[in-house]
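Participant: Just the structure for this:
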Amino acid sequence: MTSRSLLLALLFVPLVADAAPKKKTAKKKATTTKTEPAEPTPSEPAAPSTDAGSAAPTTTPAGPSSAPATPAPPTGPVPPPVETKPDVKTTEEPTPQTDADVDSLRQEYLQLRDELFKSRARANTVASQLYSTRVQIKLTYTTARYYNPAKASIRLDGASVYEDAGGAIAGDDGIRFDGYIAPGRHLITFRVEATGKDDDSFTSVTESQIVVKAVAGKDLVVGAKAKDGGDIAYEWKKSEHGSYGLGLDVGVKTIARSDAAAAPAGAKKK
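Facilitator: Predicted coordinates for the structure are as follows:
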């Protein structure tokens, strides 16, 4: 037993001697590999330091394509928005300048109307000295119960001698024109525009032209009666049917003067 133990001891000693240096060298290599720092490559830029206290931050000037800096929001309490109210006075009430313009236009209208009346009076005076026939033209609307005459006009030889837009012809059969004309043939044109009372969407226009002859030394009286005997304005809502009965009846006559030798200028106007 003793010799066998010695033999095993002798064999184990060289193995331990060879194995010890190898373990020490491997440990040194591993240590060297751990402590050696890695060098950064030239292509990668060094990362900026995250330590805020080590150095002041550097600012890079903005290029042409950089966005403008956003202004900082105001500090402190924000004042409430100011409410603006429309000026009701200026929109509803007219200004003094507008009133002045209206007054000036009204005065100008009255002046022109007076001049027109004076011109017509002078024209009648001259005509009475030149012409020996006095003419009176009447126009009335006989169906005013169902229709409103909106406009009416009379033309004598193409010249307007009567204009009305207030429905005057529906109120009476008064004289619409009184003047003097030369003996002979003349044209008189009547025009009446009417609107239905029961339904104002139905309108009508009646225009008729007649020929009269003035006789020297005598007065000429022309009486016209316009009408619409149709029922469309009040029947259409009931049964959707109706008619127009437009018409103009005219009577013409001469009246001998009591004093044929009297000057026509002395005749009274109505």
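
Participant: Which residue ranges of the stretch 101-250 of the chain form strands?
Facilitator: 133-141, 147-156, 159-164, 175-181, 184-196, 203-214, 218-228, 246-256 (DSSP state E, counting those that start in this stretch).

Participant: Turn these into JSON lines, columns for mean neighbour count and distance to L110.
Facilitator: The way it works is simple: take the backbone N, C-alpha and C, and place the C-beta from them, glycine included. Converted to JSON lines, the strands of the stretch 101-250 of the chain look like this (neighbours: other C-beta atoms under 10 Å; distance: least, C-beta to C-beta, whole Å):
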{"stretch": "strand 133-141", "mean neighbour count": "22", "distance to L110": "26"}
{"stretch": "strand 147-156", "mean neighbour count": "20", "distance to L110": "23"}
{"stretch": "strand 159-164", "mean neighbour count": "14", "distance to L110": "17"}
{"stretch": "strand 175-181", "mean neighbour count": "19", "distance to L110": "22"}
{"stretch": "strand 184-196", "mean neighbour count": "19", "distance to L110": "27"}
{"stretch": "strand 203-214", "mean neighbour count": "15", "distance to L110": "31"}
{"stretch": "strand 218-228", "mean neighbour count": "20", "distance to L110": "31"}
{"stretch": "strand 246-256", "mean neighbour count": "14", "distance to L110": "34"}
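
Participant: So which of those is nearest E108?
Facilitator: Across the strands of the stretch 101-250 of the chain, E108 has its closest neighbour in strand 159-164 (19.2 Å, C-beta to C-beta).

Participant: List of residues touching the closest one?
Facilitator: With contacts defined as C-beta atoms under 8 Å, 6 or more residues apart in numbering, strand 159-164 is touched by I137, L139, K151, A152, S153, I154, R155, R176, F177, G179.

Participant: Quick check: the two most widely separated of those?
Facilitator: K151 and G179 (21.7 Å).

Participant: just to revisit the earlier point, tell me which of the strands of the stretch 101-250 of the chain sits nearest to Y109.
Facilitator: Once those are compared by C-beta to C-beta, strand 159-164 is nearest, at 14.9 Å.

Participant: Please work out the average pLDDT along the closest one.
Facilitator: Taken as a whole, strand 159-164 has a mean pLDDT of 94.

Participant: Could you shift the numbering so residue one becomes 533, and keep it that way?
Facilitator: Sure, I'll start numbering at 533, so the last one becomes strand 691-696.

Participant: Sheet-wise, list the partners of that strand with their directions.
Facilitator: strand 679-688 (antiparallel) (DSSP bridges).

Participant: Need the contact partners of the partner strand.
Facilitator: Residues outside strand 679-688 that contact it (C-beta under 8 Å, 6+ apart) are 667, 669, 671, 673, 692-697, 699-702, 708-709, 713, 718-729, 735-736, 758, 760, 765.

Participant: With stretch 711-723 instead?
Facilitator: In contact with stretch 711-723 (C-beta under 8 Å, 6+ apart) are residues 655-656, 659-660, 662-667, 669, 671, 683-690, 693, 737-748, 752, 754, 756, 758, 780, 782, 796.
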